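Participant: Sequence and predicted structure are below.
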Amino acid sequence: MRIAEILTPELRQPAHDPQSPSHHQHNHLLSQIESKIKQIEIHPPTTPLPDSLPSDLRQLSTHLTQLAPFSTTNNSLKLHLWKLSYRLWNVCVDLFNAAAIRSLSSNCAPQNVAKLRHVAADMLSLAVDVVEIPSPVIKSASCYYKTGLVWHELKIFDLASTCFERATNLISKLDIRKISDAGERKLLLDLNLTRSRTAWEISDKNLAITLLNRSKTLLFGSSVHFKALANQFLAFAKTKGLSIARTREETVEIKELKSKTLRFISAVHLQNGEFESVIKCVKVLRENSGESGDHHASLPVLAMKAWLGLGRYSEAEKELKGMVVNKGIPEGIWVSAVETYFQAAGNAGVETAKGVFLGLLGRCHLSARAAVRLVHRVVGDGGGIAGSRIRAKVAAELVSDERVVSLFAGEAVVKERTAMHAVLWNCGSDNFRLKEYQTSAEMFEKSMLYIPHDIENRVLRAKGYRILCLCYLGLTQLDRAQEYVNEAEKLDPNIVCAFLKFKICLQKNDHGGAINQIQTMITCLDFTPDFLSLSAHEAVASRALPVAAPALSNFLNLYTSGKPMPIGEVVVLRTLVTILSQDLGKEAEVLKFLKKAHNRASEIGADCFFGKGEIGRREQNWFAVTAWNFGTKCGKEKNYELCAEFLRLVSGFCSVMILTSLSVGTQLTDDKVTTIEADIFFMYVLNAYDMHGRVNNLESQHLVKSFAGTKACSPQYLLQIGLHASEGPRFNAEVATFALSECLPDFLSSPSPDYQDVALIVRRLITIASIHKGDTDDDAVLSMYKQAYRIMVGLKEGEYPTEEGTWLAMTAWNRADLPVRMGEIDVAKK
């Protein structure tokens, strides 16, 4: 491998006398060395290297060594020598590569190159204390190490040993505890190992073993280092141990040790992801460990994991199935192997796992805990609906096998039996949430196999039957659902069973049976109003309105008890009236429940019944409008008696809140009574205006003008009337313009005007004039813009809403755009 040439800094002037004899000797030798290196650099790579060049360089190097050590102040000489040695090393790399390409049969050329490498390493060691070169000792030792490897390959072990020893001497000066670089640490270990191999080759066995033992201090906790040292120990053991073994027992013992070592090496390979090496080790163990081979329990596990790592699932499956015949594999090991196989093979491995488990079950006794662990792995993480379905199917076949069920019999495995039931139940629940009802039902049915038939577990079995009823309801297999809910009711009769029967009746369109189940639910000991609400929702969802009405009617009967209810009474009544409104001929029943709503509002107060604020107003309006619509409908059908009843309710709904507020207001002080009476008067006017507007009666304008002249009237009341008249489907421009124009001066005359309301009034008046009058009265619109301008003049920044001022400017500009285009300049200027 070519070593990158180190950039040499500029040579500094030496600190010693340049005229000294030693200085001239150094320069003369370096010049001669550089000359020889140049000859080697220009030497044609196609011709062998002359023997004289390595000899000459070795002689010059020897002379230079005699002048060592060099002065510590003479760093420029060391840098020069460092550069020359690297030049020589690099040309050796080039020559070696050229020789490898030519594949010369003679080993003379490689020996000459090795000699040059040796000279380069010696030259580098002379300048090992050079300044400004990072890790010079390590680099010098590395050159000796690589040169020693070359001599070792050439079988010249004495020179190899010399190089390794010199490298060791250099490194011995370092504190290995301070070496943190992984490459440098690996060099320390490799140097010891290669030196040990060289000692072994020259039959110095004691030194070889001593060096290996010394290598234990150079492992640095690295698995790579451990593996390298183990391999070297194994190599020595094979050659030494088998050669000295005299008896058959000793030979077997050594072979067992060899097999054990190979298994550990395989584990290290597996940990490092070197799967091909694992397969090779397992193959060697199985083929070369005696006549029958090595059948250790760990081998199929190692091989299976290696095949999985290589993505070869068929071979991994063979290894997994082979574990069945190996009785030496502990239960925990093969369960772990199955889990590993699942993790890699996914859904494709579930059938294999089932076969392995049943095969092991037939061969030897397995624990219930192992079965739970395997089933949990099978059903977990299905990889989508399709994957979940496949895994659940295999799990169902596995847990329903009589041999598996028998593992969970008895009191000793209560925890395992509970765990298996939980695994199957959770799998069924997951599939139920995915609406995979068939798979869910199968898993819930298998979970019943793990519930004992005793009194203590009666409630749990009933729970299983009820969830199975829901599954078959989802599959619309109503007869099976009926069977399961009947079994559940025998074990644990409760309201849930009655509700499930109610659902079955709904799906069978048996409205009479559903209504009977509602009555049954009410008589249950664990009855709660939520079930009536849920029943009504189910009936509405099934379009069984004749069933929803009785459910809500029974729900209403519970409100008189005064107990807290899940939803408001007004919501139940509104829903009930809505349901009855969808059927023809139900006017009498609608009237009945509208009267009930009016009576309840009168009894407990409008705020308590309808609700407070805007929500209460909307609820009241809904009931009033519904009564009005039914009254109108009955009037058109000439059913005047019902029409009169409905219209009376309209009046009652409009007045109930006023009457309730008045009854409360009379209990307050005189000042507050006056305020409440003004509020009630305003509400009366607003409601009366609204009712007149519904029948398109001109009386509404007179009503507002009359109200504006009373003492109870305030700018806020007029603002609300103006906004109400300018919004909604019954837009009334005259009333809106009157009310807003009347309240604007009052707002402006206030000591601290609310310019947010002023801006709202100005914008609304401009909008009404633009929409209602169009282009026929531009002067009215212009006057509003002028009035807005006068209002804003003199105000501080931010008093008048900025966005409203922007709106006025933009709309005025836009109004001028069309006259400009039409050539009406005077109009545009306005």
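Facilitator: Structure received. Being a predicted model, the structure only gives us computed values, none of them experimental.
Participant: mind listing the helices for the stretch 201-350 of the chain?
Facilitator: 205-215, 223-244, 248-271, 275-288, 298-309, 313-322, 331-345, 350-363 (DSSP state H, counting those that start in this stretch).
Participant: Please list all residues in contact with the closest residue in space to Ser336 that isn't next to it in sequence.
Facilitator: Nearest non-adjacent residue to Ser336, counting by Cβ to Cβ, 6 or more residues apart in numbering: Val301, 7.8 Å away. From N, CA and C alone the C-beta is placed, and that goes for glycine too. Val301 makes contacts with 319, 323, 329, 333-334, 336-337, as judged by Cβ atoms under 8 Å, 6 or more residues apart in numbering.
Participant: distance between the top helix by length along the chain and the chain's centre?
Facilitator: In the chain, with assignment by DSSP state H, the single longest helix is helix 75-102. Offset of helix 75-102 from its chain centre (Cα atoms, centre = their mean, to the nearest Å): 56 Å.
Participant: any idea which helix or strand comes after that helix?
Facilitator: Next in sequence after helix 75-102, counting helices and strands by DSSP states H and E, comes helix 108-126.
Participant: Would you mind extracting the C-alpha trace of that following helix into PDB?
Facilitator: What follows is helix 108-126, C-alpha atoms only, in PDB (Å, rounded to 0.1, in the frame of the first residue of the first chain):
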ATOM      1  CA  CYS A 108      15.000 -11.900  -6.600                       C
ATOM      2  CA  ALA A 109      13.100  -8.800  -7.600                       C
ATOM      3  CA  PRO A 110      10.700  -9.100  -4.500                       C
ATOM      4  CA  GLN A 111      13.800  -9.500  -2.300                       C
ATOM      5  CA  ASN A 112      15.400  -6.400  -3.700                       C
ATOM      6  CA  VAL A 113      12.300  -4.400  -3.100                       C
ATOM      7  CA  ALA A 114      12.100  -5.800   0.500                       C
ATOM      8  CA  LYS A 115      15.700  -4.700   1.100                       C
ATOM      9  CA  LEU A 116      14.800  -1.200  -0.100                       C
ATOM     10  CA  ARG A 117      11.800  -1.200   2.200                       C
ATOM     11  CA  HIS A 118      14.100  -2.200   5.100                       C
ATOM     12  CA  VAL A 119      16.500   0.600   4.300                       C
ATOM     13  CA  ALA A 120      13.600   3.100   4.200                       C
ATOM     14  CA  ALA A 121      12.400   1.900   7.600                       C
ATOM     15  CA  ASP A 122      15.900   2.200   9.000                       C
ATOM     16  CA  MET A 123      16.300   5.800   7.700                       C
ATOM     17  CA  LEU A 124      12.900   6.700   9.100                       C
ATOM     18  CA  SER A 125      13.900   5.400  12.600                       C
ATOM     19  CA  LEU A 126      17.000   7.700  12.600                       C
END
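Participant: just to revisit the earlier point, from Ala337, how far off is the residue nearest to Ser336?
Facilitator: 5 Å (Cβ to Cβ, to the nearest Å).
Participant: Quickly list what's touching both of these two.
Facilitator: Residues touching both Val301 and Ala337 (Cβ under 8 Å, 6+ apart) are Met323.
Participant: sorry, back to before: return the member of the contacts of Val301 nearest to Ser651.
Facilitator: Set against Ser651, the nearest of the contacts of Val301 by Cβ to Cβ is Ser336 (81.7 Å).
Participant: can you count the residues close to that closest one?
Facilitator: Ser336: 14 surrounding residues under other Cβ atoms under 10 Å.
Participant: ditto for Asn74
Facilitator: Residues lying near Asn74 (other Cβ under 10 Å) number 18.
Participant: Kindly report the same for Asp181.
Facilitator: Per other Cβ under 10 Å, the neighbour tally for Asp181 reads 10.
Participant: Next, give phi and psi for it.
Facilitator: Per-residue torsions, Asp181: phi -70, psi 130 (degrees, to the nearest 10).
Participant: how much space is there between it and Asp190?
Facilitator: Going from Asp181 to Asp190 by Cβ to Cβ gives 14 Å.
Participant: same thing with Phe593?
Facilitator: 95 Å.
Participant: between the two, which one's more packed in?
Facilitator: Phe593 (22 against 17).
Participant: ok, Val685 touching Lys705?
Facilitator: No - look at Val685 against Lys705 with Cβ atoms under 8 Å: they stay out of range, at 10.9 Å.
Participant: So which of the two has more stuff around it?
Facilitator: A direct count of neighbours by other Cβ under 10 Å for Val685 and Lys705 places Val685 higher, at 21 against 14.
Participant: Okay, and that one sits in which element?
Facilitator: Mapping Val685 onto the secondary structure by DSSP H and E places it in helix 670-694.
Participant: C-terminal to that helix, what's the next element?
Facilitator: Next along the chain after helix 670-694, taking DSSP H and E as the criterion, comes helix 699-708.
Participant: Give the buried residues for whatever helix or strand comes next after that next one.
Facilitator: For helix 699-708, the following helix or strand on the C-terminal side (DSSP H and E) is helix 715-725. Neighbour-count burial for helix 715-725 flags 715, 717-719, 721-725 (criterion: 16 or more other Cβ atoms under 10 Å).
Participant: just to revisit the earlier point, mind giving me the PyMOL select for the contacts of Val301, buried ones only?
Facilitator: Buried members of those, defined by 16+ other Cβ under 10 Å, are picked up in PyMOL with:
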select buried, resi 319+323+329+333+334+337
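Participant: Max pairwise distance over the contacts of Val301: which two?
Facilitator: Glu319 and Ser336 (13.6 Å).
Participant: and the residue lying closest to Trp151 once chain neighbours are set aside, what does it touch?
Facilitator: Excluding the flanking residues, the one nearest Trp151 by Cβ to Cβ, 6+ apart is Ala160, at 3.7 Å. By Cβ under 8 Å, 6+ apart, the contact set of Ala160 is 148-149, 151-152, 198.
Participant: burial count for Glu603?
Facilitator: Residues lying near Glu603 (other Cβ under 10 Å) number 10.
Participant: Tell me which other helices or strands whichever strand or helix holds it touches.
Facilitator: According to DSSP H and E, Glu603 maps onto helix 587-604. Applying 3 or more Cβ pairs under 8 Å, 6 or more residues apart in numbering; DSSP states H and E, we find helix 587-604 packed against helix 569-581, helix 606-610, helix 613-636, helix 640-665.
Participant: Of all the residues in that helix, which ones are buried?
Facilitator: So for helix 587-604, counting by 16+ other Cβ under 10 Å, buried means 587, 589-591, 593-595, 597-598, 600-601.
Participant: What residues sit buried inside the longest helix of the chain?
Facilitator: 75-92, 95-96, 99.
Participant: Does anything pack onto it? Which helices or strands?
Facilitator: Going by 3+ Cβ pairs under 8 Å, 6+ apart, helix 75-102 lies up against helix 21-41, helix 108-126, helix 136-153.
Participant: could you redo the last one with a cut-off of 7 Å?
Facilitator: Contacting helix 75-102 under the criterion 3 or more Cβ pairs under 7 Å, 6 or more residues apart in numbering; DSSP states H and E are the following elements: helix 21-41, helix 108-126.
Participant: Contacts for the longest one, please.
Facilitator: So the one you mean is helix 21-41. Residues from elsewhere that reach helix 21-41 (Cβ atoms under 7 Å, 6 or more residues apart in numbering): 16, 53, 56-57, 60, 63-64, 67, 77, 80-81, 84, 87-88, 91.
Participant: Could you export the buried residues of helix 587-604 as JSON lines, including pLDDT?
Facilitator: Formatted as JSON lines, these follow (pLDDT from 0 to 100):
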{"residue": "Glu587", "pLDDT": "88"}
{"residue": "Glu589", "pLDDT": "89"}
{"residue": "Val590", "pLDDT": "90"}
{"residue": "Leu591", "pLDDT": "90"}
{"residue": "Phe593", "pLDDT": "90"}
{"residue": "Leu594", "pLDDT": "91"}
{"residue": "Lys595", "pLDDT": "89"}
{"residue": "Ala597", "pLDDT": "89"}
{"residue": "His598", "pLDDT": "88"}
{"residue": "Arg600", "pLDDT": "87"}
{"residue": "Ala601", "pLDDT": "85"}
